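A.B. asks: Just need the structure, nothing else, for what follows:
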Amino acid sequence: MIKKTPFKLLLSHEEAVKIISENVQPIDRVEWVSLDEAFKRVLAEDLVADRFVPPFDRSAMDGYAVKAEDTFGASSFNPKTLVLREVVYAGTVPHETLKRGDCTQIATGGPLPESADAVVMIEFTERDGENVKVFKPVYPGANISRKGEDIEEGKLVLNHGSYLTSAKIGVFAALGRERVKVYEKPQVVVVPTGSEVCAVGTKLGEGQVYDINSHTLAAIASENGALVTRFEIVPDTHEALEGAINTVQDKDMVVVAGGSSVGERDLLNGIIEQLGTVLFHGVQVKPGKPTLFGLVDEKPVFGMPGYPTSCLSNAHLFLIPALRKLARLPPRIEKGVKARLSERVVSSSGRKQFLTVQLRDGIAYPVFRHSGAITSMADADGYIVLPTNVDVIEKGDEVTVLLLNE
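C.D. replies: Residues are numbered from 1 along each chain as shown. Here you go, the predicted model:
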């Protein structure tokens, strides 16, 4: 039986993250996409090379292909003179087999003539008609890129589950692969709620505010590998919200903006209990205490706080790790920088606090205003963590700022 925790029993940040991780399963649907569509996707197969890269011995420099022994003893005072037989450019094929005393002018990337075993860089030569003077000896293999030097035929090049960076896209191109088998992007529904919320682009009524949260949450979900459907604003009625939650049957995750607190019109907890299981409701963090997580049809449902700063802060703490696991993306690595705090900060007793800051010349300036101020996040470069057992951080104390946009 799955343990439920009501809002009055707050979980720690770490406990909430653990429950989310245990109950979000990576997507297993796959699809084939073009190479140009594969960037930032997750590979759904092992990539084994079916050819050598490069497919032939080639020159690594502009210069002259030679038999290395013909250059032994060459110097600026005693150059070796070779006979030019042909010119080979990248993309052309040599026709002459080099004999002793011969050379072939060759461009970087040009195929090496048969029996040539080195390339003299053009800087150490001087051409005089059909004769080429060589002023520096080379050893066998010098300035040559051998067949299969980069990738050998039959080699495992990329593992199943690899995140396809620009360089890994280049590996597919080097092997001539124009189609790539990847995992599908998870389908995520973002549901804005609240009779006080008004759609962007429409006229505000009395007591209304524009819908901020669904747009920021949709952007976060898209940024972290999801295909996003954003609902129209759902009013504070049981029937409307239940209908929105039920869309999870055809999707992989539902994220509800608002309705997760314990007020009279905050219905989400009861609806998820009715349709599935509430795994936790309430976390010991500031901002963002009224965060909810549960399962409906074994699929994750998040209830995010209604205040924009709380919503966005907890999206970084809880939603992003869940999205990245669902999409099979690598975990987000938080990068920290050291800074000095610009002012004294008093924390909230009993809750881990995440304080947004702006960085200037090694100084961390708190920018948190209140939970409803979206600029508290928009102006922030990162945040500092105040553990539950820390009451005060003094002005000038060194802190670690975890960067938001890395």
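A.B. asks: Pairing partners for the helix or strand in which T356 is found, with directions?
C.D. replies: Secondary structure from DSSP states H and E places T356 in strand 352-360. Here strand 352-360 is paired, per DSSP bridges, with strand 285-286 (parallel), strand 363-366 (antiparallel), strand 382-386 (antiparallel).
A.B. asks: quick check, distance from that strand to the centre of its chain.
C.D. replies: 23 Å (C-alpha atoms, centre = their mean, to the nearest Å).
A.B. asks: wait, what's in contact with L355?
C.D. replies: By C-beta atoms under 8 Å, 6 or more residues apart in numbering, the contact list for L355 reads 345, 366, 368, 383-386. To be clear about C-beta, it is placed using only N, CA and C from the backbone, and glycine gets the same treatment.
A.B. asks: okay, now L312: neighbour count?
C.D. replies: 28 (other C-beta atoms under 10 Å).
A.B. asks: ok, now how distant is it from G288?
C.D. replies: Counting by C-beta to C-beta, to the nearest Å, the gap from L312 to G288 is 9 Å.
A.B. asks: Of all the strands paired with strand 352-360, which one is nearest A49?
C.D. replies: The closest approach between A49 and any of these, judged by C-beta to C-beta, belongs to strand 382-386 at 41.5 Å.
A.B. asks: same question for that closest one, mean pLDDT?
C.D. replies: Mean per-residue pLDDT for strand 382-386: 89.
A.B. asks: And the contacts of that strand?
C.D. replies: 313, 336-337, 341, 345, 347, 352-357, 359, 364, 393, 399-404.
A.B. asks: Buried ones among the contacts of L355?
C.D. replies: 345, 366, 368, 383-386 (16 or more other C-beta atoms under 10 Å).
A.B. asks: Going by distance to A107, which of those residues wins?
C.D. replies: Proximity of the buried ones among the contacts of L355 to A107 (C-beta to C-beta) peaks at Y383, which lies at 53.3 Å.
A.B. asks: any idea how far the closest one lies from L403?
C.D. replies: Y383 is 9 Å from L403, where distance means C-beta to C-beta.
A.B. asks: In this model L402 seems to touch E334, though I could be wrong.
C.D. replies: Yes. Counting by C-beta atoms under 8 Å, L402 is a contact partner of E334 at 4.8 Å.
A.B. asks: what about the residue lying closest to L326 once chain neighbours are set aside, neighbour count?
C.D. replies: Spatial nearest neighbour of L326, excluding adjacent residues (C-beta to C-beta, 6 or more residues apart in numbering): P186 at 4.6 Å. By the criterion of other C-beta under 10 Å, P186 has 25 neighbours.
A.B. asks: Same check on I233?
C.D. replies: Neighbours of I233 (other C-beta under 10 Å): 20.
A.B. asks: For the remainder of this discussion, apply numbering that starts at 297.
C.D. replies: Got it, first residue is 297 now, which makes that one I529.
A.B. asks: ok, it touching Y506?
C.D. replies: No. Between I529 and Y506 there is no contact, the gap being 10.3 Å when judged by C-beta under 8 Å.
A.B. asks: which neighbours do the two share?
C.D. replies: 493-495.
A.B. asks: what about the strands in the stretch 397-546 of the chain?
C.D. replies: With DSSP state E, counting those that start in this stretch as the definition, the stretch 397-546 of the chain shows strands at residue ranges 398-402, 414-417, 421-424, 427-430, 440-441, 452-454, 475-479, 483-488, 493-494, 505-506, 523-526.
A.B. asks: buried stuff in the fourth one?
C.D. replies: I take that to be strand 427-430. Buried, per 16+ other C-beta under 10 Å, within strand 427-430: 428, 430.
A.B. asks: Average pLDDT for that strand, rounded please.
C.D. replies: 98.
A.B. asks: before we move on, what about the fifth one?
C.D. replies: Per-residue pLDDT values over strand 440-441 give a mean of 96.
A.B. asks: Which parts of the chain belong to which domain?
C.D. replies: Domain assignment for the chain by automatic domain parsing gives 309-325+480-622, 327-349+445-479, 354-441, 632-699.
A.B. asks: Pick the most buried one from the ones you listed.
C.D. replies: A comparison of the domains of the chain by mean neighbour count, using mean count of other C-beta atoms under 10 Å, puts domain 309-325+480-622 on top with a mean of 20.
A.B. asks: Just the endpoints, please. Distance across that domain?
C.D. replies: Start-to-end span of domain 309-325+480-622 (C-alpha to C-alpha, to the nearest Å) is 20 Å.
A.B. asks: re earlier: list residues touching both of E630 and L698?
C.D. replies: Taking C-beta under 8 Å, 6+ apart as the criterion, E630 and L698 do not both touch any residue.
A.B. asks: what bits of the stretch 297-446 of the chain have low per-residue confidence?
C.D. replies: 297-304 (pLDDT under 70).
A.B. asks: From D346, how far out is L452?
C.D. replies: 12 Å.
A.B. asks: swap in V574?
C.D. replies: 51 Å.
A.B. asks: Equivalent analysis for G678, please.
C.D. replies: For G678, the distance to D346 - C-beta to C-beta - is 45 Å.
A.B. asks: One more: D675?
C.D. replies: In this view, D675 and D346 are 52 Å apart by C-beta to C-beta.
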